[in-house]
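Chemist: Build the 3D model from these lines:
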Amino acid sequence: METTREATYDAVVVGGGIAGLQAALDLADQDFRVAVVERDASIGGKMIRLSKVFPTLDCASCITTPKMAAAAHHPNITLYTYCRLDALRREGTGLTAEITRLPRYVDPEKCIGCRKCEYACPVFVPDEEQGGFSLRKAIYIPFSNAIPQVALMDVEHCMLCGTCAKVCPTGAVDYFQQPERLVLRAGAAVLATGFRLTPADQKAEYGGGRLHNVVTSLQMERLLAPHGPYQRVLRPSDGKEPGAVAYVQCAGSRDHSLGVPYCSRVCCMYAIKQAMLLSGALPLADITLYYMDIRAFGKGYEQFYQNAKAMGIEFVKAKVARLEQADGQDVRVHYEDMEGEGGSVVREHDLVVLSLGMVPDWNPAGVCPVPTDSDAFLKAAAPKLAPARTEMEGVFMAGAAAGPKDIVDSIAEAGAAALEAAAHLRRLGKRAA
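Modeler: Numbering: from 1, shown residues only. The predicted structure is shown next:
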């Protein structure tokens, strides 16, 4: 018979990315007890997967890892990783969150993160954490600085050879582990459910995901990362160092055919950031950005854009019509020139990066009675006066759950959500411990 565990907190934060971690830390530092519910096997969200951040070009891991560690070691924060939120509803003056802890097939209480199971496993699987460019094992720790450092078994690819169980020094491998149902009761909740990129295979004109040397922006982040799959920038089809790299802007935004008519705000800046990093990694490469408009809206962003032009990165105002395989492994770009002589132009590049847009990574339908806006992001009750407040009492939102935004705005909004949640808890008569 399935057992249900219950626990009581002051606040529940849904999402362990940079916004969720910031909101949790802000609440915990006020001595509120916080539960962080994260769907992935590790906290850190999208930011821990990035190479550097704009416009400072600081190391993304150097910023995110300390916050991950601070949350993991904070006495007022409890992490629930690899958990699915099944329901969030009001009960009286409080909230009840029903979650399912999915089976890792590894006992987190026994696992010591030694990775002996991973080293011994004979099964190799494409590693989604490295953009699919390298391999991982069927039992593995997601990445080197994952928190918690607990292994996870990929049951779809495990061949049940028993090797991992034999080498585990603590007997942590459990092939019969079952999902666990948890009920968390709290006075407030912060939804920081993040974003995902528009699927690359939805745009047939851009190869529909079938062109080997057309990659997504997150895949390029892994190629640029010092701990990436190749430790250098190589194109995936043949391992060649690319001599000509192109970026296609608005590849997943401002496009009614994809159902994403809005601008995703950050695509211009992350493409410029990657182009500048590429210029340093490949000094002889020709780097081109095909854009319709450049959105450089934040502090220092316009200067960042001007610096990229001064470095020799080519900006072409154009509408890219389609991508196709050229002779050999190159990619042929067909575009309409919007400046100069105009007309249709064809150019070839060794590697093409799609600047994909941002769409919400979570749909509250059937889980939580929080409404969404016309763009499917969570709807604010008072966008101008209280952008972190939802229409559900005691439930607040932060980061990309509320709409496309960069890291700086996500962190600022997380602070606002924590402030709103703390004020709500005090109105309920809950005082910091």
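Chemist: Which phi and psi values does the residue nearest to the spatial centre of the chain adopt?
Modeler: Central residue of the chain (C-alpha atoms, centre = their mean): K46, 2.4 Å from the mean position. Dihedral angles of K46 (phi, psi; degrees, to the nearest 10) stand at phi -70, psi -30.
Chemist: check contacts around it.
Modeler: Counting by C-beta atoms under 8 Å, 6 or more residues apart in numbering, K46 touches 17-18, 194-195, 218. All C-beta atoms are positioned from the backbone trio N, CA, C, and that covers glycine.
Chemist: rerun that using 7 Å as the cut-off
Modeler: By C-beta atoms under 7 Å, 6 or more residues apart in numbering, the contact set of K46 is 17, 194.
Chemist: before we move on, what about the one 5 residues further on?
Modeler: Contacts were defined as C-beta under 7 Å, 6+ apart; by that measure S51 touches 60, 221, 224-225, 277.
Chemist: What sits closest to L428 if chain neighbours are left out?
Modeler: Leaving aside its sequence neighbours, L428 sits nearest to G187 (C-beta to C-beta, 6 or more residues apart in numbering; 5.0 Å).
Chemist: any idea how far L356 is from the one you found?
Modeler: Shown here: G187 relative to L356, a distance of 38 Å by C-beta to C-beta, to the nearest Å.
Chemist: Looking at those two, which one has more neighbours?
Modeler: Using other C-beta atoms under 10 Å as the criterion, G187 and L356 rank with L356 on top: 26 against 22.
Chemist: Can you classify that one as helix, strand or coil?
Modeler: coil (DSSP: H, G, I helix; E, B strand; the rest coil).
Chemist: What strand or helix carries the residue in the chain sticking out farthest from the centre?
Modeler: No residue in the chain sits farther from the centre than E341, which is 40.2 Å out by C-alpha atoms, centre = their mean. Assigned by DSSP states H and E, E341 belongs to no helix or strand.
Chemist: Number of residues surrounding S134?
Modeler: 14.
Chemist: these two touch, right, it and D127?
Modeler: Yes. Taking contacts as C-beta atoms under 7 Å, S134 lies within contact range of D127: 5.1 Å.
Chemist: all helices for the stretch 151-300 of the chain, in order.
Modeler: All helices of the stretch 151-300 of the chain, identified by DSSP state H, counting those that start in this stretch, fall at 163-167, 217-224, 267-281.
Chemist: For the longest one, buried residues please.
Modeler: Put plainly, it is helix 267-281. Of all the residues in helix 267-281, those buried under the rule 16 or more other C-beta atoms under 10 Å are 267-279.
Chemist: What distance do you get for the residue nearest to R295 when sequence neighbours are not counted to R104?
Modeler: Nearest non-adjacent residue to R295, counting by C-beta to C-beta, 6+ apart: C268, 4.7 Å away. With distances taken as C-beta to C-beta, C268 is found 39 Å from R104.
Chemist: coming back round to it: let me know the closest of the contacts of S51 to A120.
Modeler: A225 (26.7 Å; C-beta to C-beta).
Chemist: Apart from its neighbours in sequence, what residue is nearest the closest one?
Modeler: The shortest distance from A225 to any non-neighbouring residue, by C-beta to C-beta, 6+ apart, is to S51 (4.2 Å).
Chemist: what does V346 give?
Modeler: Once flanking residues are discounted, V346 sits nearest to H334: 5.4 Å by C-beta to C-beta, 6+ apart.
Chemist: which phi and psi does the one you found have?
Modeler: With angles defined as degrees, to the nearest 10, H334 shows backbone torsions of phi -100, psi 120.
Chemist: check contacts around it.
Modeler: H334 sits next to 321-322, 344, 346 when contact means C-beta under 7 Å, 6+ apart.
Chemist: Kindly recompute the last result at 6 Å.
Modeler: By C-beta atoms under 6 Å, 6 or more residues apart in numbering, the contact list for H334 reads 321-322, 346.
Chemist: out of those residues, which one sits closest to V12?
Modeler: Among the contacts of H334, and counting by C-beta to C-beta, the member closest to V12 is R322, at 46.0 Å.
Chemist: show me the contacts for the closest one.
Modeler: 205, 334.
Chemist: Roughly how far does the residue nearest to A225 sit from D337?
Modeler: 31 Å.
Chemist: again with I48
Modeler: As judged by C-beta to C-beta, I48 and D337 stand 39 Å apart.
Chemist: Name the residue in the two with the higher neighbour count.
Modeler: With neighbours defined as other C-beta under 10 Å, I48 and D337 compare such that I48 has more, 25 against 15.
Chemist: so what's that one closest to, chain neighbours aside?
Modeler: T64 (4.7 Å).
Chemist: coming back round to it: most neighbours of all the contacts of S51, which one?
Modeler: Greatest neighbour count in these, by other C-beta under 10 Å, goes to E221: 23 neighbours.
Chemist: Surely that residue touches I48?
Modeler: No. If you go by C-beta atoms under 6 Å, E221 and I48 don't touch, sitting 10.8 Å apart.
Chemist: Run the chain-centre distance for stretch 210-220.
Modeler: Remark: stretch 210-220 is offset 17 Å from the chain centroid, using C-alpha atoms, centre = their mean, to the nearest Å.
Chemist: got the end-to-end distance for it?
Modeler: Counting by C-alpha to C-alpha, to the nearest Å, you get 17 Å between the two ends of stretch 210-220.
Chemist: ok, back up a step: doesn't the residue nearest to I48 belong to a helix?
Modeler: Yes. Counting by three-state DSSP, T64 is found in a helix.
Chemist: so what's it up against?
Modeler: Neighbours of T64 in contact, by C-beta under 6 Å, 6+ apart: 44, 47-48.
Chemist: From L152, how far off is the residue nearest to C114 when sequence neighbours are not counted?
Modeler: In space, and not counting its chain neighbours, C114 is closest to P169: 6.7 Å by C-beta to C-beta, 6+ apart. Distance, P169 to L152, by C-beta to C-beta: 18 Å.
Chemist: ok so, going back, so which two of the contacts of S51 are the farthest from each other?
Modeler: Of all pairs in these, the most separated under C-beta to C-beta is A60 and L277 at 11.6 Å.
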